[in-house]
Structures are given as structure tokens and as C-alpha cells.
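Below is the sequence, then the predicted model.
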Amino acid sequence: MSSNLILGLIVLLLVLLSVKERIFLCRYREKNWEAIGESKSSPFSQALVNLIGVAGGIYLSLVLLCTFLELDLPMRVNLGRYSLEPLATISIILAIAQPYFQKVVMAWRRI
């Protein structure tokens, strides 16, 4: 029971850190539209939508790649009490890590 709680808290922490980094990147790139008087959604909701959109795009790409290569993947992978779809798990992990990869690439370009 406690290991499931710890795993859940770790996943929640990773998602929150990824959303926080996405908010930072959005603010870094975005112009100040409030001066125009146009209403817009919060940075948190924009970052969360971005996270889900990136994960969905990665998932679709992985499904197409596996179909094209005719890979035989298991339908579910069991981690303790959790049963996860492998491609969905990989896509959400990559989407969570994406802003940090982007930060590394940006720092590498400055060198």
C-alpha cells in the first residue's frame, strides 16, 4: 500500500515539475497580450494542455511506428498493482521529460 502511494506521489511530482517548466518556457516565449485587453487562459492550463498534446502526439507516432514495423508489443505491462499500456507510458514519460531536453538543447546551442 505504501509503495503505491510513494509511486503515485513521485509521478505527481514529476508531472508538476514538467508543468512548471512548461509554464516557464511559455512565459519566456510569449508576448504580453494583456496590454491589448484580450482574455486568455492561465499559464497552468496552457502548460497542462501542452503536456497532454505532446504526449498524444508522441503516442500516435509510436503507434504508427510499431504498426509500420509490425512489432509485437504486449497489451499491458504490470507494475505492482498498476497495469499500464507500454506505448502510453513511454509517451507520457517522454512528454514529462521534453521541457528538460529542450532546456539542455538550448543551453548547448549557447556554447
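Happy to help now that I have it.

pLDDT score assigned to the most centrally placed residue in the chain?
Centroid-nearest residue in the chain, with Cα atoms, centre = their mean: A95, separated by 2.6 Å. A95 is assigned 94 on the pLDDT scale.

again with R109
Value for R109, per-residue pLDDT: 89.

That one - that's part of a helix, no?
Yes - assigned with DSSP: H, G, I helix; E, B strand; the rest coil, R109 falls within a helix.

Just give me the neighbour total for it.
7 (other Cβ atoms under 10 Å). All C-beta spots, glycine's among them, are computed from the backbone N, C-alpha and C.

where exactly do the strands run in the protein?
For the chain, applying DSSP state E gives strands covering 77-79, 82-84.

related to what we said a few turns ago, residues in contact with the residue nearest to the centre of the chain?
18, 51-52, 54-55, 58 (Cβ atoms under 8 Å, 6 or more residues apart in numbering).

Poorly predicted segments of the protein, please.
1, 28-40 (pLDDT under 70).

Apply 90 and report the result again.
Residue ranges of the chain with pLDDT under 90: 1-49, 73, 77-84, 99, 102-103, 106-107, 109-111.
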